[in-house]
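Trainee: quick one, structure for this:
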Amino acid sequence: MDFKLTGVVFALLSGVFSSYCLADKADLSPQTDGTKSGFLEQVVSNQLVTEADYLDAVPVVLTATRMLQPVNTAPASITVISREMIDASGAQEIGDLLRLVPGFQVGYFNGTSMSLAYHGFTGNYDRRLQVLIDGRSAYMPFLSTVEWLSLPVDISEVEKIEVVRSSNAPVYGANAIQGVINIITRKPFEDDGFMVEGRWGTFDITGTDVDLKNLDWNKLKNRLQDRKYLLGYASSYNEMDYKVTLGYQGDVGFKNVSDSKRLNLLRFNSQYQINARDSLDFQLGIRAGVMDTFADGAAADPYRPKYVNSQYQSVLWSRALGNGEEFQVQFYHNYYDQDDETRIADTYNWGVYYGTAERFDFEVQRIISPLRNVRLMLGTGVRLDRIKSKYLLGQRDYINDKSARAFGNVEWYVTEQLILNSGVMVERNQQIGLYYSPRLALNFLLTEEHVLRASVTRSVRTPSILENNVDLAVRLDDGTILQQLHLSETNLAPERQYSAELGYMFNSRSSNIRFDTKIFVEKLRDGILEAAEYGLPDSPWLWGNNTRADIQGVESQLYFKPHRRFFLNLSHSRASAVANWRRYSNLPSKRDISNTVPKDTFSGLFSFAVSPSVNWSFTYYYMSDMWWLQDGALIDAYDRLDTNIDWNKKISASSNLKISLTLQNMLDDYFEVRNNRKGTIENVFHQRAFLKARYEW
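Mentor: Here you go, the predicted model:
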């Protein structure tokens, strides 16, 4: 690549490999001199993490710095959604779990598309959150977002989710300008033998118009139009553990709306222990099938299917070097293809969702401990993103975006109580050029249970390929433009966000309480959104740097488990915003869009073991009114109450049966993302019921 950063990248590669080779010859035995406290010794020694740490009151996390560390020493606020919380919530999709995280908003834009936001300020697709699956980015360049409902992984395979609730661009790059969601799946050795699972539900997305309490079985079984089936097998061969999962999922979509889906799933995950220090992880997954396009049925937008193919392949080599040091090399490939091309009145072809996107990514990472109170993470990588769409981009060839990056983070125990974390990401791509994102954070351990945290971050998000090149128009076969719909402005600037937070964390090992609260300030500049041309009929929407937002507020979360039989998890966010949008590109006036950030979001999860085999849980959600941008709408405040009952039965020493009943939204119906105020297609969240059975042997 002809980038100036290439020299820096390969220089860093050389340094990383050199330090790796030297460490390979080093003594791997623990080095203790009795001069450090037990807490610091645990962090800097090669016994960094044990199985007990994961069961302790202070979870160990990876996502904030790419280095394993207790959550109270991390440089950012983090929410950990455990498998225990996943089961108790009754969530049916991975994206729904983010409702449990302070400051997150989740809604179904339609039956085939989910909208997520952190501190609001988003629409159909969120482009400011980095989503990882086992450290691999799930970002799809085609629509510059994550397609949550076609991810090649099922919620049953998720072990936990780490959510960094602040900008983490210094560690993961441009798409992490608001935060990072790291979905960590179960390892093959954690499951052994066969598994079969079935789910049947009303998934309102069937449009049940009467309360569930009024339905008898004969009526209910006719409404079970949401179906999911899984078959899995996990085993080992010599030093390799592996797991294969096959699945199918289908539903009919929202009532009176063209948004059904029928998707098949294949996922393979393996871990090969080469020797005592080296391991090789390989994964591949594919989810493919048919979705409806959410069309309105008009002559220019007829009902039609959309054929979807989402897949990935990933390989990761890790070497443990002792003293908490590690060396990793990872390569992954993401592929996404959609095809909804149709013929309109025998005049022209049309297909808004027609296109292909790919990402090729290679990365090297090294963790070293140059001093006993210092850990350093260094990494470098290269990437190729490319997309083609003759309708969205107005051309048939691929548009490429080559990029290179170098990143690092230092964790320095200045004293036993004061921890400094400093990181920076330097990137260069074809869209913008060279840019960087730094962070500085301090953690002060008043005691092992009480911690203060302060951090400041400057983050940059470059325009995506789509944002820089969108050219959506209705064209005749000879290329003549009948109507220009969307167009990118030239010379788009990157989005910039300046953020600061001051937090306090309390962790009680004796009573199993975790409490985390923070006050935050975020300033977004040069935000990218569509704007129209005022006074011009049928004028295109221009994608440009026409928005800005100042957001401030307080977030809190509490996890309390006084007894092994029950726990409570609460989260709350209160935010205020001053945001504006230049709705018309040819006028200086701006429109106030401060209500794109909801004032309050709240969730409460309570789970209780009624008996050794029965668990009963309730989850309550509340969100104040919010305006979803782009094709969304102003949604009134709503609350929602779900309940979930799990029954586990040990059939034999090696087999187990689990049956779950989930009722969602036992309160009043409400709108998500869209409403009918302007006569648009609406999506009403009715009551839902799901019955799931899982047998393992």
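
Trainee: just give the nearest non-adjacent residue to Asn175, would you?
Mentor: Spatially, and ignoring its direct neighbours in sequence, Asn175 is nearest to Gln130 (4.3 Å; Cβ to Cβ, 6 or more residues apart in numbering). Just so you know, the C-beta spots here come from the backbone N, C-alpha and C atoms, and that holds for glycine as well.

Trainee: swap that for Phe104, please
Mentor: Phe104's closest residue in space is Leu98 (Cβ to Cβ, 6+ apart), at 4.5 Å.

Trainee: count the neighbours of that neighbour for me.
Mentor: As a burial measure, Leu98 scores 26 neighbours (other Cβ atoms under 10 Å).

Trainee: which SS class is it?
Mentor: State at Leu98, reduced to three classes by DSSP: H, G, I helix; E, B strand; the rest coil: helix.

Trainee: how much space separates it from Ser113?
Mentor: In this view, Leu98 and Ser113 are 15 Å apart by Cβ to Cβ, to the nearest Å.

Trainee: again, but for Gly120
Mentor: 18 Å.

Trainee: also Ser488?
Mentor: 22 Å.

Trainee: and Thr619, by the same measure?
Mentor: Per Cβ to Cβ, Thr619 is found 23 Å from Ser113.

Trainee: next one: Val456
Mentor: 35 Å.

Trainee: next one: Ala577
Mentor: 25 Å.

Trainee: where does pLDDT dip in the protein?
Mentor: 1-57, 203-224, 676-682 (pLDDT under 70).

Trainee: ok, which stretches of it are helices?
Mentor: 5-24, 38-44, 51-55, 83-89, 169-172, 217-222, 465-469 (DSSP state H).

Trainee: which ones are touching the residue nearest to Ala176 when sequence neighbours are not counted?
Mentor: Nearest residue to Ala176, sequence neighbours excluded (Cβ to Cβ, 6+ apart): Gln130, at 3.8 Å. Applying Cβ atoms under 8 Å, 6 or more residues apart in numbering to Gln130 gives the contacts 137, 139, 168, 172-173, 175-176, 179-181.

Trainee: between those, which has the most around it?
Mentor: Counting by other Cβ under 10 Å, top hit in those: Asn168 with 31 neighbours.

Trainee: how close does that one sit to Asp526?
Mentor: As judged by Cβ to Cβ, Asn168 and Asp526 stand 20 Å apart.

Trainee: how about Asp600?
Mentor: 28 Å.

Trainee: returning to that earlier point: the more surrounded of Gly120 and Ser113?
Mentor: Neighbours per residue (other Cβ under 10 Å) separate Gly120 from Ser113, with Gly120 holding more: 26 against 21.

Trainee: so the more buried one touches Gln105, yeah?
Mentor: Yes. Gly120 lies in contact with Gln105 (Cβ atoms under 8 Å); the separation is 6.2 Å.

Trainee: now list whatever residues contact both of the two.
Mentor: Here Gly120 and Gln105 share the contacting residues 598, 626, scored by Cβ under 8 Å, 6+ apart.

Trainee: what about Ala575, distance to Ile519?
Mentor: In this view, Ala575 and Ile519 are 11 Å apart by Cβ to Cβ.

Trainee: ok, these two, which is more surrounded?
Mentor: Remark: of Ala575 and Ile519, Ala575 carries more neighbours, 20 against 13, as counted by other Cβ under 10 Å.

Trainee: the more buried one contacts Gly553, doesn't it?
Mentor: Yes. Under the contact definition of Cβ under 8 Å, Ala575 touches Gly553, with a separation of 3.3 Å.

Trainee: identify the contacts common to these two.
Mentor: With Cβ under 8 Å, 6+ apart, Ala575 and Gly553 have common neighbours 103, 119.

Trainee: contacts only, for Pro302.
Mentor: By Cβ under 8 Å, 6+ apart, the residues touching Pro302 are 295, 342, 344.

Trainee: of these - the most surrounded one?
Mentor: Neighbour-wise, these (other Cβ under 10 Å) top out at Ala295, 19 neighbours.

Trainee: tell me how far that residue lies from Tyr391.
Mentor: 14 Å.

Trainee: likewise for Trp616?
Mentor: From Trp616 across to Tyr391, the span is 50 Å (Cβ to Cβ).

Trainee: for Met240, same thing?
Mentor: From Met240 to Tyr391 the distance is 44 Å (Cβ to Cβ).

Trainee: between these two, which has more neighbouring residues?
Mentor: The neighbour comparison of Met240 against Tyr391 (other Cβ under 10 Å) goes to Tyr391, with 21 against 15.

Trainee: which strand residues bridge the closest residue to Met67 other than its chain neighbours?
Mentor: The shortest distance from Met67 to any non-neighbouring residue, by Cβ to Cβ, 6+ apart, is to Met377 (5.3 Å). Per DSSP bridges, the residues bridged to Met377 are Ile367, Asn409.

Trainee: run through the strands of the stretch 251-400 of the chain in chain order.
Mentor: Along the stretch 251-400 of the chain, the stretches classed as strands by DSSP state E, counting those that start in this stretch are 261-273, 278-292, 305-322, 325-339, 342-344, 348-350, 355-371, 374-389, 395-413.

Trainee: name the residue closest to the centre of this protein, please.
Mentor: Val131 (3.4 Å; Cα atoms, centre = their mean).

Trainee: other SSEs contacting the top strand by length along the chain?
Mentor: Secondary structure of the chain per DSSP state E: the longest strand is strand 541-563. In terms of contacts (3 or more Cβ pairs under 8 Å, 6 or more residues apart in numbering; DSSP states H and E), strand 541-563 is packed against strand 481-488, strand 513-531, strand 566-581.

Trainee: Gln178 is in contact with the residue nearest to the centre of the chain, correct?
Mentor: No. Contact criterion Cβ under 8 Å: Val131 and Gln178 do not qualify, at 11.4 Å.

Trainee: re earlier: the strands of the stretch 251-400 of the chain: which one's closest to His686?
Mentor: Among the strands of the stretch 251-400 of the chain, the nearest to His686 by Cβ to Cβ is strand 261-273 (18.1 Å).

Trainee: that older thread, pipe the contacts of Gln130 into JSON lines and attach distance to Asp259 per row.
Mentor: Listed next are those as JSON lines, based on distance: Cβ to Cβ, whole Å:
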{"residue": "Ser137", "distance to Asp259": "27"}
{"residue": "Tyr139", "distance to Asp259": "23"}
{"residue": "Asn168", "distance to Asp259": "33"}
{"residue": "Tyr172", "distance to Asp259": "32"}
{"residue": "Gly173", "distance to Asp259": "32"}
{"residue": "Asn175", "distance to Asp259": "26"}
{"residue": "Ala176", "distance to Asp259": "30"}
{"residue": "Gly179", "distance to Asp259": "28"}
{"residue": "Val180", "distance to Asp259": "29"}
{"residue": "Ile181", "distance to Asp259": "24"}
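
Trainee: which one of those residues is nearest Gly198?
Mentor: Ile181 (27.9 Å).

Trainee: who's that closest one bridged to?
Mentor: Going by DSSP bridges, Ile181 forms beta bridges with Val131, Val163.

Trainee: what is the neighbour count of Asn110?
Mentor: Neighbour count for Asn110, taken as other Cβ under 10 Å: 25.

Trainee: hmm, I was thinking of Pro588
Mentor: Counted with other Cβ under 10 Å, residues neighbouring Pro588 total 6.
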